[in-house]
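Q: based on what follows, work out the 3D shape:
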Amino acid sequence: MEVYLIFWLIINVIGSLLMIIDKHNAICKKKRISEKTLILISCFGGALFMWISMYLIHHKTKHLKFVFLFPLFSFVHLLVLYLLVR
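A: As a prediction, this is how the structure comes out:
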């Protein structure tokens, strides 16, 4: 349980940082982080912080795959955390 929680927190911070970096790169017209990478990180546990970051920095909010997948993955990971704690 503790290992999963630590992993979940680390992957969430990484995911959030990737969203911020991608937003910065978009503004500066630099090389972007691929959408596949962002979705993969969210699938492995980073969705909650990425979902929050998405709306805080207004990044990827018009892409339906992010609007639907981030909350879905967040729900699944929070459900897993709940079942582990219960």
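Q: once you drop chain neighbours, what's closest to M1?
A: Ranked by Cβ to Cβ, 6 or more residues apart in numbering and with sequence neighbours excluded, the top spatial neighbour of M1 is L84, at 4.7 Å. Placement of C-beta: from N, CA and C, glycine included.
Q: same check, this time on V13
A: Counting by Cβ to Cβ, 6+ apart, the residue nearest V13 is F49, at 6.5 Å.
Q: now for the helix or strand containing N25, which elements pack on it?
A: Using DSSP states H and E, N25 sits within helix 2-27. With contacts taken as 3 or more Cβ pairs under 8 Å, 6 or more residues apart in numbering; DSSP states H and E, helix 2-27 sits against helix 35-41, helix 47-56, helix 64-85.
Q: select, out of the ones you listed, the one closest to I6.
A: helix 64-85 (11.8 Å; Cβ to Cβ).
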